[in-house]
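Undergrad: Next comes the sequence, and after it the predicted model I'd like to discuss.
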Amino acid sequence: MGTAGPTSSWRRRLGSARIYVGALIVLVWGLGPFYWMAVTAFRDPDHTFDSTPWPTHLTLDNFRDAFDTSRGNNFAHALLNSVIIGAASTAIALVIGIMAAYALARLTFKGRYLVSGVILSASMFPVVVLVTPLFQLFTEIGWIGKYQALILPNISFVLPLTVYILASFFAELPWELEEAARIDGATKVQAFRLVMLPLAAPAVFTTAILAFIAAVNEYLLARVLSGSETEPVTVAIARFSGNNPLVPPYGAIMAAGTLVTVPLVILVLVFQRRIISGLTAGGVKS
(Lines give C-alpha, C1' and ligand atoms only; values in the text may rest on other atoms or scores of the structure.)
Protein backbone atom coordinates (compact mmCIF):
# COMPACT_ATOMS: atom_id res chain seq x y z
CA MET A 1 0.00 0.00 0.00
CA GLY A 2 2.85 2.33 0.76
CA THR A 3 4.38 2.07 -2.74
CA ALA A 4 1.14 2.23 -4.70
CA GLY A 5 0.83 6.01 -4.40
CA PRO A 6 4.37 6.93 -5.54
CA THR A 7 4.26 4.34 -8.35
CA SER A 8 0.95 5.65 -9.65
CA SER A 9 2.21 9.23 -9.51
CA TRP A 10 5.40 8.27 -11.33
CA ARG A 11 3.40 6.56 -14.08
CA ARG A 12 1.19 9.62 -14.53
CA ARG A 13 4.24 11.85 -14.81
CA LEU A 14 5.84 9.49 -17.32
CA GLY A 15 2.65 9.44 -19.37
CA SER A 16 2.46 13.24 -19.35
CA ALA A 17 6.13 13.47 -20.34
CA ARG A 18 5.51 11.15 -23.29
CA ILE A 19 2.62 13.30 -24.45
CA TYR A 20 4.66 16.50 -24.29
CA VAL A 21 7.66 14.92 -26.00
CA GLY A 22 5.44 13.53 -28.75
CA ALA A 23 3.72 16.89 -29.22
CA LEU A 24 7.12 18.62 -29.38
CA ILE A 25 8.35 16.19 -32.05
CA VAL A 26 5.24 16.73 -34.16
CA LEU A 27 5.53 20.50 -33.70
CA VAL A 28 9.16 20.60 -34.80
CA TRP A 29 8.52 18.20 -37.67
CA GLY A 30 5.54 20.19 -38.94
CA LEU A 31 6.64 23.78 -38.30
CA GLY A 32 10.40 23.34 -38.73
CA PRO A 33 10.38 23.80 -42.53
CA PHE A 34 7.98 26.75 -42.21
CA TYR A 35 10.24 28.39 -39.63
CA TRP A 36 13.31 27.99 -41.83
CA MET A 37 11.40 29.36 -44.83
CA ALA A 38 10.42 32.45 -42.81
CA VAL A 39 13.99 32.92 -41.55
CA THR A 40 15.36 32.72 -45.10
CA ALA A 41 12.67 35.10 -46.36
CA PHE A 42 13.86 37.85 -44.00
CA ARG A 43 17.57 37.17 -44.56
CA ASP A 44 19.73 39.24 -46.89
CA PRO A 45 20.08 37.55 -50.32
CA ASP A 46 23.86 37.54 -49.95
CA HIS A 47 23.48 35.33 -46.86
CA THR A 48 20.73 33.01 -48.12
CA PHE A 49 22.76 29.89 -47.39
CA ASP A 50 23.79 30.99 -43.90
CA SER A 51 23.09 28.05 -41.57
CA THR A 52 22.52 30.15 -38.45
CA PRO A 53 19.31 28.75 -36.93
CA TRP A 54 17.97 32.15 -35.81
CA PRO A 55 17.22 35.25 -37.93
CA THR A 56 20.31 37.18 -39.02
CA HIS A 57 21.06 39.91 -41.60
CA LEU A 58 17.40 40.95 -41.62
CA THR A 59 15.99 42.72 -44.65
CA LEU A 60 12.77 43.13 -46.63
CA ASP A 61 14.48 42.97 -50.03
CA ASN A 62 13.22 39.46 -50.67
CA PHE A 63 9.61 40.56 -50.28
CA ARG A 64 10.16 43.48 -52.64
CA ASP A 65 11.73 41.08 -55.15
CA ALA A 66 8.74 38.74 -54.82
CA PHE A 67 6.37 41.50 -55.97
CA ASP A 68 8.78 42.90 -58.56
CA THR A 69 7.41 42.43 -62.10
CA SER A 70 10.48 43.63 -63.99
CA ARG A 71 11.78 40.06 -64.39
CA GLY A 72 8.50 38.59 -65.60
CA ASN A 73 7.21 37.58 -62.17
CA ASN A 74 3.64 38.52 -61.30
CA PHE A 75 3.16 37.19 -57.81
CA ALA A 76 0.36 39.58 -56.83
CA HIS A 77 -1.80 38.54 -59.79
CA ALA A 78 -1.05 34.87 -59.13
CA LEU A 79 -2.10 35.32 -55.52
CA LEU A 80 -5.43 36.75 -56.68
CA ASN A 81 -5.82 33.82 -59.08
CA SER A 82 -5.31 31.35 -56.24
CA VAL A 83 -7.97 33.07 -54.15
CA ILE A 84 -10.43 33.01 -57.05
CA ILE A 85 -9.74 29.37 -57.92
CA GLY A 86 -9.74 28.21 -54.28
CA ALA A 87 -12.89 30.12 -53.34
CA ALA A 88 -14.83 29.00 -56.42
CA SER A 89 -13.76 25.37 -56.03
CA THR A 90 -14.64 25.38 -52.33
CA ALA A 91 -18.03 27.05 -52.80
CA ILE A 92 -19.16 24.71 -55.59
CA ALA A 93 -17.82 21.62 -53.79
CA LEU A 94 -19.66 22.63 -50.61
CA VAL A 95 -22.99 23.12 -52.40
CA ILE A 96 -22.76 19.74 -54.13
CA GLY A 97 -21.12 17.98 -51.19
CA ILE A 98 -23.70 19.12 -48.62
CA MET A 99 -26.57 17.78 -50.71
CA ALA A 100 -24.78 14.54 -51.54
CA ALA A 101 -23.68 13.96 -47.94
CA TYR A 102 -27.17 14.64 -46.63
CA ALA A 103 -28.67 12.18 -49.11
CA LEU A 104 -26.13 9.47 -48.24
CA ALA A 105 -26.68 9.96 -44.51
CA ARG A 106 -30.45 10.41 -44.48
CA LEU A 107 -31.89 8.43 -47.38
CA THR A 108 -31.98 4.67 -47.67
CA PHE A 109 -31.63 3.44 -51.23
CA LYS A 110 -30.13 0.48 -53.04
CA GLY A 111 -26.40 0.83 -53.61
CA ARG A 112 -25.89 3.58 -51.05
CA TYR A 113 -22.72 2.04 -49.67
CA LEU A 114 -21.43 1.42 -53.18
CA VAL A 115 -21.90 5.10 -54.00
CA SER A 116 -20.08 6.08 -50.82
CA GLY A 117 -17.20 3.77 -51.69
CA VAL A 118 -16.92 5.14 -55.22
CA ILE A 119 -16.87 8.73 -53.94
CA LEU A 120 -14.20 7.92 -51.36
CA SER A 121 -12.08 5.98 -53.87
CA ALA A 122 -12.10 8.99 -56.20
CA SER A 123 -9.92 10.86 -53.69
CA MET A 124 -7.25 8.14 -54.03
CA PHE A 125 -7.02 8.39 -57.82
CA PRO A 126 -3.51 9.49 -58.90
CA VAL A 127 -3.56 13.02 -60.31
CA VAL A 128 -0.73 12.39 -62.75
CA VAL A 129 -2.93 9.95 -64.69
CA LEU A 130 -5.42 12.74 -65.42
CA VAL A 131 -2.94 15.27 -66.78
CA THR A 132 -2.87 14.08 -70.40
CA PRO A 133 -6.63 13.37 -70.79
CA LEU A 134 -7.61 16.69 -69.24
CA PHE A 135 -5.06 18.59 -71.31
CA GLN A 136 -6.36 17.00 -74.50
CA LEU A 137 -10.01 17.56 -73.54
CA PHE A 138 -9.58 21.19 -72.50
CA THR A 139 -7.47 21.91 -75.59
CA GLU A 140 -10.25 20.66 -77.86
CA ILE A 141 -12.90 22.81 -76.18
CA GLY A 142 -10.64 25.86 -75.81
CA TRP A 143 -10.36 25.92 -72.03
CA ILE A 144 -6.57 25.81 -71.65
CA GLY A 145 -5.43 28.87 -69.75
CA LYS A 146 -8.90 29.69 -68.41
CA TYR A 147 -10.23 29.57 -64.87
CA GLN A 148 -12.72 26.78 -65.52
CA ALA A 149 -9.90 24.45 -66.55
CA LEU A 150 -8.46 24.83 -63.03
CA ILE A 151 -11.67 25.04 -61.02
CA LEU A 152 -13.41 21.92 -62.34
CA PRO A 153 -10.52 19.49 -61.62
CA ASN A 154 -10.11 21.01 -58.15
CA ILE A 155 -13.79 20.42 -57.45
CA SER A 156 -13.39 16.74 -58.32
CA PHE A 157 -10.46 16.50 -55.89
CA VAL A 158 -12.01 18.27 -52.89
CA LEU A 159 -15.54 16.92 -53.37
CA PRO A 160 -14.80 13.41 -51.98
CA LEU A 161 -13.31 14.98 -48.85
CA THR A 162 -16.36 17.21 -48.52
CA VAL A 163 -18.80 14.33 -48.83
CA TYR A 164 -16.81 12.09 -46.50
CA ILE A 165 -16.64 14.61 -43.64
CA LEU A 166 -20.20 15.89 -43.96
CA ALA A 167 -21.82 12.49 -44.44
CA SER A 168 -20.32 11.18 -41.20
CA PHE A 169 -21.49 14.33 -39.42
CA PHE A 170 -25.02 14.30 -40.84
CA ALA A 171 -25.38 10.63 -39.87
CA GLU A 172 -24.96 11.52 -36.18
CA LEU A 173 -27.34 14.48 -36.07
CA PRO A 174 -30.58 13.99 -34.09
CA TRP A 175 -33.13 13.33 -36.80
CA GLU A 176 -35.93 13.90 -34.29
CA LEU A 177 -35.40 17.63 -34.84
CA GLU A 178 -36.11 17.25 -38.54
CA GLU A 179 -39.18 15.17 -37.84
CA ALA A 180 -40.40 17.79 -35.38
CA ALA A 181 -39.98 20.48 -38.03
CA ARG A 182 -41.94 18.36 -40.51
CA ILE A 183 -44.75 17.96 -37.96
CA ASP A 184 -44.82 21.75 -37.53
CA GLY A 185 -45.49 22.09 -41.25
CA ALA A 186 -42.02 22.53 -42.72
CA THR A 187 -41.16 20.85 -46.00
CA LYS A 188 -38.14 18.58 -46.36
CA VAL A 189 -36.15 21.42 -47.90
CA GLN A 190 -37.16 23.85 -45.16
CA ALA A 191 -36.37 21.33 -42.41
CA PHE A 192 -32.95 20.74 -43.94
CA ARG A 193 -32.17 24.44 -44.54
CA LEU A 194 -33.51 25.85 -41.28
CA VAL A 195 -32.85 23.02 -38.81
CA MET A 196 -30.25 20.51 -39.96
CA LEU A 197 -27.86 22.76 -41.89
CA PRO A 198 -27.25 25.19 -38.97
CA LEU A 199 -26.42 22.21 -36.77
CA ALA A 200 -23.82 21.11 -39.31
CA ALA A 201 -22.10 24.52 -39.33
CA PRO A 202 -18.91 23.29 -37.55
CA ALA A 203 -18.45 20.47 -40.06
CA VAL A 204 -19.20 22.77 -43.00
CA PHE A 205 -16.69 25.32 -41.71
CA THR A 206 -14.04 22.63 -41.26
CA THR A 207 -14.65 21.23 -44.72
CA ALA A 208 -14.45 24.69 -46.28
CA ILE A 209 -11.02 25.35 -44.74
CA LEU A 210 -9.60 21.98 -45.75
CA ALA A 211 -11.05 22.20 -49.26
CA PHE A 212 -9.70 25.72 -49.78
CA ILE A 213 -6.21 24.71 -48.62
CA ALA A 214 -6.24 21.65 -50.90
CA ALA A 215 -7.35 23.74 -53.88
CA VAL A 216 -4.71 26.42 -53.28
CA ASN A 217 -1.93 23.83 -52.86
CA GLU A 218 -2.62 22.01 -56.16
CA TYR A 219 0.34 22.29 -58.54
CA LEU A 220 0.58 19.50 -61.12
CA LEU A 221 -2.61 20.18 -63.07
CA ALA A 222 -2.27 23.94 -62.59
CA ARG A 223 1.19 23.81 -64.15
CA VAL A 224 -0.19 22.18 -67.30
CA LEU A 225 -3.65 23.72 -67.61
CA SER A 226 -3.04 27.34 -66.56
CA GLY A 227 -1.91 30.27 -68.65
CA SER A 228 0.00 33.45 -67.91
CA GLU A 229 -3.21 35.21 -66.83
CA THR A 230 -4.62 32.37 -64.71
CA GLU A 231 -1.61 30.69 -63.12
CA PRO A 232 -1.91 30.30 -59.31
CA VAL A 233 0.81 30.98 -56.78
CA THR A 234 2.10 27.40 -56.83
CA VAL A 235 3.00 27.77 -60.50
CA ALA A 236 4.13 31.39 -60.25
CA ILE A 237 6.56 30.65 -57.41
CA ALA A 238 8.03 27.71 -59.31
CA ARG A 239 8.69 30.02 -62.29
CA PHE A 240 10.36 32.81 -60.31
CA SER A 241 13.43 34.20 -62.05
CA GLY A 242 16.19 36.43 -60.71
CA ASN A 243 19.16 38.41 -61.98
CA ASN A 244 21.01 35.23 -62.89
CA PRO A 245 18.86 32.90 -65.01
CA LEU A 246 20.96 29.93 -63.87
CA VAL A 247 20.43 30.58 -60.14
CA PRO A 248 16.91 30.51 -58.69
CA PRO A 249 16.09 33.51 -56.47
CA TYR A 250 15.78 31.49 -53.29
CA GLY A 251 15.18 34.52 -51.09
CA ALA A 252 12.26 35.77 -53.19
CA ILE A 253 10.84 32.25 -53.42
CA MET A 254 10.97 31.88 -49.64
CA ALA A 255 9.36 35.30 -49.20
CA ALA A 256 6.52 34.40 -51.56
CA GLY A 257 6.06 31.05 -49.84
CA THR A 258 5.91 32.77 -46.47
CA LEU A 259 3.27 35.23 -47.69
CA VAL A 260 1.14 32.33 -48.94
CA THR A 261 1.61 30.11 -45.90
CA VAL A 262 1.24 32.60 -43.05
CA PRO A 263 -2.46 33.41 -43.69
CA LEU A 264 -3.30 29.69 -43.84
CA VAL A 265 -1.42 28.97 -40.62
CA ILE A 266 -3.12 31.89 -38.87
CA LEU A 267 -6.50 30.73 -40.19
CA VAL A 268 -6.00 27.23 -38.78
CA LEU A 269 -4.69 28.51 -35.43
CA VAL A 270 -7.56 30.95 -34.98
CA PHE A 271 -10.27 28.46 -35.88
CA GLN A 272 -8.63 25.30 -34.52
CA ARG A 273 -11.46 24.65 -32.07
CA ARG A 274 -14.03 24.73 -34.86
CA ILE A 275 -11.86 22.51 -37.04
CA ILE A 276 -11.38 19.93 -34.30
CA SER A 277 -15.05 19.94 -33.37
CA GLY A 278 -16.04 19.58 -37.00
CA LEU A 279 -13.70 16.62 -37.55
CA THR A 280 -14.63 14.78 -34.35
CA ALA A 281 -18.32 15.56 -33.86
CA GLY A 282 -19.43 13.08 -36.51
CA GLY A 283 -17.61 10.27 -34.74
CA VAL A 284 -19.34 10.71 -31.37
CA LYS A 285 -22.23 8.38 -30.72
CA SER A 286 -25.17 9.79 -28.82
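TA: Structure received. This structure is a prediction, so every number in the text was calculated from the model and none was measured.
Undergrad: What residues sit buried inside the strand or helix carrying residue 121?
TA: Secondary structure assigned from DSSP states H and E places residue 121 in helix 112-122. By neighbour count on 16 or more other CB atoms under 10 Å, the buried set for helix 112-122 is 116, 119. C-beta: built from backbone N, CA, C; applies to glycine.
Undergrad: how far is that helix from where the chain is centred?
TA: In terms of CA atoms, centre = their mean, to the nearest Å, the centre of helix 112-122 is found 22 Å from the chain centre.
Undergrad: Can you pull out the residues in contact with that helix?
TA: Outside helix 112-122, the residues that touch it by CB atoms under 8 Å, 6 or more residues apart in numbering are 100, 104, 156, 159-160, 163-164, 167.
Undergrad: Just after that helix, pick out the following helix or strand.
TA: Sequence order places helix 128-140 as the next helix or strand after helix 112-122, per DSSP H and E.
Undergrad: I'd like the contacts of helix 112-122 as TSV, with distance to residue 244 appended.
TA: Shown next, in TSV, are those (distance: CB to CB, whole Å):
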residue	distance to residue 244
100	51
104	55
156	40
159	43
160	43
163	48
164	47
167	52
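Undergrad: Now that we have the residues you listed, which of them are buried?
TA: For the contacts of helix 112-122, buried by 16+ other CB under 10 Å: 100, 104, 159-160, 163-164, 167.
Undergrad: ok, back up a step: quick one: which of the contacts of helix 112-122 sit in helices?
TA: 100, 104, 156, 159-160, 163-164, 167 (DSSP state H).
Undergrad: From the residues you listed, pick the one nearest residue 22.
TA: residue 164 (26.7 Å; CB to CB).
Undergrad: For the closest one, give me its contacts.
TA: Contacts of residue 164 by CB under 8 Å, 6+ apart are 119-120, 123.
Undergrad: The most centrally placed residue in the chain and residue 125, how far apart?
TA: Centroid check for the chain by CA atoms, centre = their mean gives residue 213 as the closest residue, at 2.3 Å. Going from residue 213 to residue 125 by CB to CB, to the nearest Å gives 19 Å.
Undergrad: Make CSV out of the ones in helices among the contacts of helix 112-122 and add distance to residue 141 and pLDDT.
TA: Shown next, in CSV, are those (distance: CB to CB, whole Å; pLDDT from 0 to 100):
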residue, distance to residue 141, pLDDT
100, 26, 90
104, 31, 87
156, 17, 89
159, 21, 91
160, 25, 90
163, 27, 90
164, 30, 85
167, 32, 86
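Undergrad: which of those lies closest to residue 93?
TA: residue 159 (4.8 Å).
Undergrad: Could you find the closest non-adjacent residue to that closest one?
TA: Excluding its sequence neighbours, the residue lying closest to residue 159 (CB to CB, 6 or more residues apart in numbering) is residue 93, at 4.8 Å.
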